[in-house]
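Q: Sequence isn't available, so here's the structure alone:
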């Protein structure tokens, strides 16, 4: 009798999620989601963009969007050619993942926008700005601004005033997470963000699936703004969370469930 040979079937790897924070945030914003996903067997990478999180750069010196987004682009560039990731962008991180999709569509299997600025070409028009930039005018003078190029130039960085952060960004967030955020938020390089424009051909970006996770009680990127961006550049699916602007803190279990659901729906489970 011939010798019996057992062939071990290769277990497919779970997808690799890359999580991108919004303005003033950092990779720390994802600590809850990263723990849940890691414990469930997913690969998770959280990136600090330039001048954010523990990156030592002064945000007032970051004037181009390419420079701000360089850590994400460098990471994608370093991936093996046969490896794909799921990109997640929160808030202004939507601009980062859109640019990355233009440049590395062959390395991205899915893009998830979470309460995010989803503009196909960035801030090309006045309407893009109206749809994608938070309007906090109802709160009066809501920002602390810094003028790295001098007082006679536009501001180079901004952060929501500490006394307004809870009311505007974290109204449904547990107190311990709000406390953490209030200690770690940094001024964001708004000069760089305002220069986010992607007037490139749409062939590559259109072939990457996109989903949008809408936040119903968002006071930063209001639901009607999210609806306008969704209507202008429709994703394949829209999901809704009863959350403030920060579901990574206020609704982490529901957000994690949606991440798994959408990954499964495109065969990335």
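A: Ah, there it is. Keep in mind the model is a prediction, meaning the values are calculated, not measured.

Q: Can you tell me, leaving aside adjacent residues, what's nearest to residue 93?
A: residue 20 (3.9 Å; Cβ to Cβ, 6 or more residues apart in numbering). Placement of C-beta: from N, CA and C, glycine included.

Q: Residue 47 is in contact with that neighbour, correct?
A: Yes: between residue 20 and residue 47 there is a contact under Cβ atoms under 8 Å: 6.1 Å.

Q: shared neighbours, the two?
A: Common neighbours of residue 20 and residue 47, using Cβ atoms under 8 Å, 6 or more residues apart in numbering, are residue 72.

Q: re earlier: and the residue nearest to residue 93, how many residues sit next to it?
A: Residues lying near residue 20 (other Cβ atoms under 10 Å) number 31.

Q: I figured residue 46 was touching residue 30, is that so?
A: Yes: using Cβ under 8 Å, residue 46 is in contact with residue 30, at 4.7 Å.

Q: Now the residue nearest to residue 93, what are its backbone angles?
A: When read as degrees, to the nearest 10, the backbone of residue 20 gives phi -120, psi 130.

Q: And the pLDDT at it?
A: In this model, residue 20 is scored at 98, pLDDT.

Q: If it is in a bridge, with which residues?
A: Beta-bridge partners recorded for residue 20 (DSSP bridges): residue 47, residue 89.

Q: Can you give me the distance of it to residue 242?
A: 23 Å (Cβ to Cβ, to the nearest Å).

Q: follow-up on the earlier one: can you tell me how far the residue nearest to residue 93 is from residue 91?
A: In this view, residue 20 and residue 91 are 9 Å apart by Cβ to Cβ.

Q: swap in residue 116?
A: Taking Cβ to Cβ, one finds residue 116 at 6 Å from residue 91.

Q: what residues are shared contacts of the two?
A: By Cβ under 8 Å, 6+ apart, residue 116 and residue 91 have these common neighbours: 22, 221.

Q: ok, the spatially most central residue of the chain - contacts?
A: Nearest to the geometric centre of the chain sits residue 89, at 1.9 Å (Cα atoms, centre = their mean). Residue 89 makes contact with 20, 95, 96, 97, 98, 111, 112, 113, 114, 116, according to Cβ under 8 Å, 6+ apart.

Q: just for this structure, where's the confidence low?
A: Low-confidence segments of the chain (pLDDT under 70): 1-13, 267-269.

Q: For this protein, which segments count as strands?
A: Listed in chain order, the strands of the chain (DSSP state E) span 16-20, 43-47, 85-90, 108-114, 143-146, 157-160, 210-215, 237-241.

Q: which stretch among these comes nearest residue 197?
A: Closest to residue 197 of those, according to Cβ to Cβ: strand 85-90, at 16.6 Å.

Q: roughly how far is the closest one from the heart of the chain?
A: Between the centre of strand 85-90 and the centre of its chain there are 6 Å (Cα atoms, centre = their mean, to the nearest Å).

Q: check contacts around the residue nearest to residue 93.
A: Going by Cβ under 8 Å, 6+ apart, the list of residues near residue 20 reads 47, 49, 72, 87, 88, 89, 90, 93, 96, 97.

Q: Out of the residues you listed, which is nearest to residue 215?
A: residue 90 (9.8 Å).

Q: The closest one and residue 248 touch, don't they?
A: Yes: the pair residue 90 / residue 248 is scored as a contact, 6.5 Å apart, by Cβ under 8 Å.

Q: any common contacting residues for the two?
A: Listed contacts common to residue 90 and residue 248 are 29, 114; contacts here mean Cβ under 8 Å, 6+ apart.

Q: if I look at residue 145, how far off is residue 161?
A: Distance from residue 145 to residue 161, counting by Cβ to Cβ: 10 Å.

Q: one step back: quick one: the contacts of residue 20 as TSV, columns for distance to residue 184 too.
A: Formatted as TSV, these follow (distance: Cβ to Cβ, whole Å):
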residue	distance to residue 184
47	16
49	14
72	19
87	23
88	19
89	19
90	15
93	16
96	19
97	22
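
Q: Buried subset of the residues you listed as a ChimeraX selection?
A: Buried members of these, defined by 16 or more other Cβ atoms under 10 Å, are picked up in ChimeraX with:
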select :47,49,72,87,88,89,90,93,96,97
